[in-house]
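>>> I'd like to go over a predicted model; first the sequence, then the structure.
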Amino acid sequence: MTEAHLTGAFTSGTTMIRGHDGAQIEAYTALVDDPAPRGGVVVIHHMPGYDDATKEIVRRFGHLGFNAVMPNLYWHDAPGAAPDDAAATGRAKGGVPDDRLIGDVSGAADFLRALPNSNGKLGVIGYCSGGRQSVLAACSLPFDAAVDCYGAFVTGDPSGIEGMPKNLVTPLYDKLPDLRCPLLGLFGADDRYPSPDQVAELEQLLAKYGKSFESHSYEGAGHAFFMVERASFRPEAAKDGWARIKAFFSQHLSA
Amino acid sequence: MCTYITEKIDVTGSGKGSEGWFPLTEATVYFDHPVHATAEHTLNVDLRNPGRGPGARVAVELTADAARALAEAILRTLDAVPADLLDPSQGSQSQAA
């Protein structure tokens, strides 16, 4: 056991990685100093962007002993801009296209896989819009485990919502048969998007397709219960959720 | 949830951002997760000038009640203005004078 492992040391910071179409994009990393092989996690930020709260999540994975990387999904829209300004620019352009998301997550996975202490096992996790994107990535790329934290429109038809533009975000019904790895879903029972019915539909579909799906819905929690700086934060759900994430990735990302 | 709904309109005017005043060209309006406010969802407005870069932005994140009250206050204010002051040609006439 190395000294670095004994101290739990990891290094966090900003780097550039290869993203969609070979473009260089910004990413935030937490890289474990211990040379012993370990799994890696791609973290997908929520729609407000590549922010302090999600960087804290990346560091938490470093603390848990995983290498982690979060691509800045709005870098293409506003390279070098402040993250909130970049998110506003991306938002004005209609959000993150699905094909670009897959390209950026694929680049982030390649970055993790190339680390000298990678054991070759990779997970993906996303929050809110990133929850849907995590499932999308796990249906499109070779991950070993995926976590969906309250992602809306994995199931459920957004076109039925008044005011929702058509085709801006599409549910993943046609992708779910291609899910390549076990999925952990963490949801708030009071959430409307995804609603308990939409979560139940996801459970039924993945069972029908023979996919491994571990799903937990927390009573008294709504959307974004992991977000510590928001009124939506629910400490009991967040503590239990983090314990389940740790156990899930430890199980599926060990060599 | 992320609503994914964004309204975008062209605007004319000026805003004061992190580097001082600049001309505005567009506004985006959406009800979604905020960057800074603590409410789960807020009515967010970005007053922007993309031609001057992503940082040319004035941003607000308002609770739904506050946003509605602001919108109504704007309309009340405009409704109380004499019609000839709202004439688009009035501004150019004044400048010419």
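Structure received.

>>> which bits of the stretch 51-200 of chain A sit near chain B?
A:51, A:77-78, A:81-82, A:84-89, A:91-92, A:94-95, A:128-129, A:152, A:158, A:163-165, A:168-169, A:191-194 (CB under 8 Å from any CB of the partner chain). In short, each C-beta sits where N, CA and C put it, glycine included.

>>> if you look at those residues, which of them are in helices?
A:84, A:85, A:86, A:87, A:88, A:89, A:91, A:92, A:129 (DSSP state H).

>>> which one of these is nearest residue B:47?
residue A:88 (10.0 Å; CB to CB).

>>> Can you get me a residue count around the closest one?
29 (other CB atoms under 10 Å in any protein chain shown).

>>> next one: residue B:8
Neighbours around residue B:8, by other CB under 10 Å: 16.

>>> And the next helix or strand past the one helix or strand it maps to?
Per DSSP states H and E: residue B:8 is located in strand B:7-17. Toward the C-terminus, strand B:7-17 is succeeded by strand B:20-32 as the next helix or strand (DSSP H and E).

>>> Restricting the selection to alpha carbons, write stretch A:218-228 to PDB.
Output of stretch A:218-228 as PDB, limited to C-alpha atoms (Å, rounded to 0.1, in the frame of the first residue of the first chain):
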ATOM      1  CA  TYR A 218     -37.100   8.600  -1.900                       C
ATOM      2  CA  GLU A 219     -40.200   9.700   0.000                       C
ATOM      3  CA  GLY A 220     -40.200  13.300   1.000                       C
ATOM      4  CA  ALA A 221     -37.800  14.200  -1.700                       C
ATOM      5  CA  GLY A 222     -38.400  15.900  -5.100                       C
ATOM      6  CA  HIS A 223     -36.100  16.800  -7.900                       C
ATOM      7  CA  ALA A 224     -32.400  17.700  -7.200                       C
ATOM      8  CA  PHE A 225     -32.200  16.300  -3.700                       C
ATOM      9  CA  PHE A 226     -28.400  16.000  -4.000                       C
ATOM     10  CA  MET A 227     -28.000  19.800  -4.400                       C
ATOM     11  CA  VAL A 228     -26.700  21.000  -1.100                       C
END
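
>>> Who are the contact partners of the residue nearest to residue A:238 when sequence neighbours are not counted?
Sequence neighbours aside, residue A:226 is the residue nearest to residue A:238 in space, at 5.0 Å (criterion: CB to CB, 6 or more residues apart in numbering or on different chains). With contact taken as CB atoms under 8 Å, 6 or more residues apart in numbering or on different chains, residue A:226 is in contact with A:57, A:127, A:149, A:233, A:237, A:238, A:241, A:242.

>>> can I get these in TSV with neighbour count and secondary structure?
Formatted as TSV, the contacts of residue A:226 follow (neighbours: other CB atoms under 10 Å in any protein chain shown; DSSP: H, G, I helix; E, B strand; the rest coil):
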residue	neighbour count	secondary structure
A:57	23	helix
A:127	27	strand
A:149	25	strand
A:233	16	coil
A:237	22	helix
A:238	17	helix
A:241	22	helix
A:242	15	helix
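
>>> Quick check, the residue in the stretch 151-255 of chain A closest to chain B?
residue A:193 (3.2 Å; CB to the nearest CB).

>>> List the contacts of that residue.
With CB under 8 Å, 6+ apart, residue A:193 has these contacts: A:152, A:153, A:156, A:223, B:1.

>>> how about these in a markdown table, adding pLDDT and distance to residue A:115?
Shown next, in a markdown table, are the contacts of residue A:193 (pLDDT from 0 to 100; distance: CB to CB, whole Å):
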| residue | pLDDT | distance to residue A:115 |
| --- | --- | --- |
| A:152 | 93 | 32 |
| A:153 | 93 | 33 |
| A:156 | 92 | 37 |
| A:223 | 93 | 33 |
| B:1 | 57 | 34 |
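
>>> chain center to the strand holding residue B:8: distance?
In terms of CA atoms, centre = their mean, to the nearest Å, the centre of strand B:7-17 is set 5 Å apart from its chain centre.

>>> Show me what that strand packs onto, helices and strands only.
strand B:20-32, strand B:57-62 (3 or more CB pairs under 8 Å, 6 or more residues apart in numbering or on different chains; DSSP states H and E).

>>> quick one: which of the ones you listed is nearest chain A?
Comparing those by CB to the nearest CB, strand B:20-32 comes nearest, at 4.7 Å.

>>> Neighbouring strands - and their directions - for the closest one?
strand B:7-17 (antiparallel), strand B:42-48 (antiparallel) (DSSP bridges).

>>> ok, back up a step: ranking the helices and strands packed on strand B:7-17 by burial, who's on top?
strand B:57-62 (a mean of 20; mean count of other CB atoms under 10 Å in any protein chain shown).

>>> And the helix or strand following that strand, how far out from the chain middle?
Downstream of strand B:57-62, the first helix or strand assigned by DSSP H and E is helix B:64-79. From the chain centre to the centre of helix B:64-79 is a distance of 12 Å (CA atoms, centre = their mean).

>>> and if you look at stretch A:33-51?
9 Å.
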